[in-house]
Each structure stands twice: as C-alpha cells, then as structure tokens.
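Engineer: pasted the sequence and its predicted model underneath.
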Amino acid sequence: MGQAKNRGTLQVRIEQAKTRIDAIRPKKIICNDCKGEINEITDLDVRGLIGIRGAFAGICPKCKSSTFAIDGDPEKVVDFMMAFEASMGKGSEIGIQTRNGEPVEE
Ligand SMILES: [Zn+2]
C-alpha cells in the first residue's frame, strides 16, 4: 500500500503509456502495396480511443505508400480505419494491418 500515493501522477502515467507503446510497437510494418519492409515507424496518438491499444504508421521507402499497423479490438480497428480513411478524403490509398502484419478485413 506504500506505493499508492505515488501512482497516478501525470509523470508516472506518461511513463507507463510510453512503456506500453514501446512494448507493442512493431519492429517493422509490411508495405500494403509492394510488401516491402518499413522500418521508420511513427506512433499515432490514440488517447481516448476505446479499444485501440496502439496505432503506428510508416511510409514505404520504395513505393511511398502509407501503411498503418493498429493494435486493438478487431471491430474497433475497423472503426478506426474507416474513420481515418474518411478523414483522409476520397480515393486515399491507405493500407491498414494489425501489428502482426495481418490484413484488416473491412
Ligand atoms: Zn511499398
């Protein structure tokens, strides 16, 4: 019980969130278009998105297309994907997969 008073400070929460993201961030994303490996991975802010544990984006060094890897509940991942595509505008080509590199079914 001695630790209770230290829990929940902003600093601790930030550290915990960072550790959690580090743990689930994929080492690489497989490009949805050319299947090339993307090693430059950007964390997306998913705070407030229920059911989404982490979202990561990478731009393929070969074909320049964007691929996202999302970790979360399957139906929430689809929601996220559809909202993201809508926000990117019609005709945007975004590949989305789970962080294990599996394609996400719409
Ligand atoms: Zn590619």
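Structural biologist: Done, it's in. As the structure is a computational prediction, the values presented were derived from the model and not from experiment. Residues are numbered from 1 along each chain as shown.

Engineer: OK, contacts around the most centrally placed residue in the chain?
Structural biologist: Computing the C-alpha centroid of the chain and ranking residues by C-alpha atoms, centre = their mean puts Ala55 first, at 1.1 Å. Shown in contact with Ala55 (C-beta atoms under 8 Å, 6 or more residues apart in numbering): 43-44, 46, 49, 68-72, 80. Using the backbone N, CA and C atoms, a C-beta is placed for each residue, glycine as well.

Engineer: could you measure from it over to the ion?
Structural biologist: 19 Å (C-beta to the ion, to the nearest Å).

Engineer: what helix or strand does that residue sit in?
Structural biologist: In this structure, Ala55 sits in strand 52-59 according to DSSP states H and E.

Engineer: one step back: how about the nearest residue to the residue nearest to the centre of the chain, chain neighbours excluded?
Structural biologist: Distances taken as C-beta to C-beta, 6 or more residues apart in numbering place Leu44 nearest to Ala55, at 4.0 Å, with adjacent residues excluded.

Engineer: what do you get for Ile52?
Structural biologist: In space, Ile52 is closest to Gly72, 3.8 Å off (C-beta to C-beta, 6+ apart).

Engineer: now do the same contact list for the one you found.
Structural biologist: Contacts here follow C-beta under 8 Å, 6+ apart; on that basis Gly72 touches 46, 49, 51-55, 80.

Engineer: for these, pick the one with the most neighbours.
Structural biologist: Within these, Ala55 tops the neighbour count with 24 neighbours, counted by other C-beta atoms under 10 Å.

Engineer: per-residue confidence for that one?
Structural biologist: We have a pLDDT of 92 for Ala55.

Engineer: can we start the residue count at 28 from this point?
Structural biologist: Right, with 28 as the first residue, what we last looked at is Ala82.

Engineer: measure it to Val39 for me?
Structural biologist: 23 Å (C-beta to C-beta, to the nearest Å).

Engineer: do the same with Lys45
Structural biologist: Lys45 is 11 Å from Val39, by C-beta to C-beta.

Engineer: ok, Gly99 next?
Structural biologist: Using C-beta to C-beta, Gly99 is found at 23 Å from Val39.
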